[in-house]
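In: Sharing a model that was predicted from the sequence below.
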Amino acid sequence: MTTALISKSDIVALPTYRQGRDEYVKKMIQYKKARRVRFNNDISLLFENKNTVMFQIQELLHNEDLTDPKEINEYIEIYSGMVPGENELSATLFIETDEQAALTELLTKLKGIEHHLFLVVNGEKMQAVFEEEHDDREFTTSVHYLKFPLTGTAIAYITNGSYEHEDVQIVLDHPHMNVTIPLTADTLESLAKDLT
């Protein structure tokens with residue numbers, strides 16, 4: 001797999017984007033469904049790729065009404081780090097709830113989550129590498145960017161299409177939350193495209 005970096009030429013001009021935005025948003029919501037893994041009502045993981053990151057950039061430009069080429073390039077540079085590189089999957093982990101007191105309690109309980117998240121492929125366990133660790137405070141953050149470095153064996157298993165989807169799992173083994181979630185066939189099919 002070659003790294004699919006985002007360049008300025010990938011970004012649709014704001015007036016053009018706004019003309020087709022409603023349809024594009026609908027397509028991306030559907031696209032992301034297969035790429036989102038729910039731990040429970042408050043925690044989910046979205047597998048990122050060039051498509052999801054470009055959508056995030058386009059929406060940011062739309063919401064902030066940005067047209068300055070320098071600012072656009074800065075956002076491209078910031079968000080391009082979320083695109084998976086060679087032999088890895090990229091994801092964003094979201095910890096969110098509408099109730100602020102409940103969120104504060106959850107973020108405190110899940111301190112150290114950066115050391116407890118894994119992708120298991122046919123018995124092979126690969127630890128997530130978080131962009132930032134928050135060991136210096138009493139709580140974690142509600143959004144985490146992370147990568148799962150993959151072995152050749154894991155990539156072959158995901159991309160060959162003959163897997164049993166129950167054999168590919170996200171595992172969270174935190175002292176306050178222990179969850180194992182098999183990835184669906186739809187999720188694996190989407191991830192396999194990222195790896196080929």
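Out: Nice, I can see it.
In: Let me see the contact set for the closest residue in space to Glu189 that isn't next to it in sequence.
Out: Computed as Cβ to Cβ, 6 or more residues apart in numbering, the closest residue to Glu189 that is not its neighbour in sequence is Ala34, at 7.3 Å. (Each C-beta comes from the backbone N, C-alpha and C, glycine too.) By Cβ atoms under 8 Å, 6 or more residues apart in numbering, the contact list for Ala34 reads Thr184, Asp186, Thr187, Glu189, Ser190.
In: filter those residues to the buried ones?
Out: By neighbour count, with 16 or more other Cβ atoms under 10 Å, those hold Thr187, Ser190 as buried.
In: Below-threshold pLDDT in the chain: ranges please.
Out: Residues of the chain meeting the criterion pLDDT under 70: 1-4, 134-135, 162-165.
In: Could you pull out the helices in it for me?
Out: In the chain, helices defined by DSSP state H lie at 14-33, 50-64, 69-80, 100-109, 152-159, 185-194, listed in chain order.
In: quick one: which of the ones you listed is nearest Ala128?
Out: helix 152-159 (13.4 Å; Cβ to Cβ).
In: which other residues reach that closest one?
Out: Defining contact as Cβ under 8 Å, 6+ apart, one finds that helix 152-159 is touched by 1, 87, 119, 121-122, 124, 126, 150, 163, 167-168, 188, 191-192, 195-196.
In: ok, so of the residues you listed, who is nearest Met28?
Out: Using Cβ to Cβ, Leu191 is the member of these that sits closest to Met28, with 16.8 Å.
In: which ones are touching the closest one?
Out: Contacts for Leu191 (Cβ under 8 Å, 6+ apart) come out as Arg35, Phe47, Leu89, Ile158, Leu183.
In: swap the cut-off to 10 Å and go again
Out: Residues near Leu191 by Cβ atoms under 10 Å, 6 or more residues apart in numbering: 34-35, 47, 49, 84, 89, 119, 148, 150, 155, 158-159, 168, 183.
In: go on, Asp98?
Out: Asp42.
In: do Leu146 as well
Out: By Cβ under 10 Å, 6+ apart, the contact set of Leu146 is 45, 48, 82, 88-93, 113-114, 117, 127-132.
In: who's it bridged to?
Out: For Leu146, the beta-bridge partners are Ala91, Phe130 (DSSP bridges).
In: Relative to Lys70, how far out is it?
Out: Separation of Leu146 from Lys70 (Cβ to Cβ, to the nearest Å): 29 Å.
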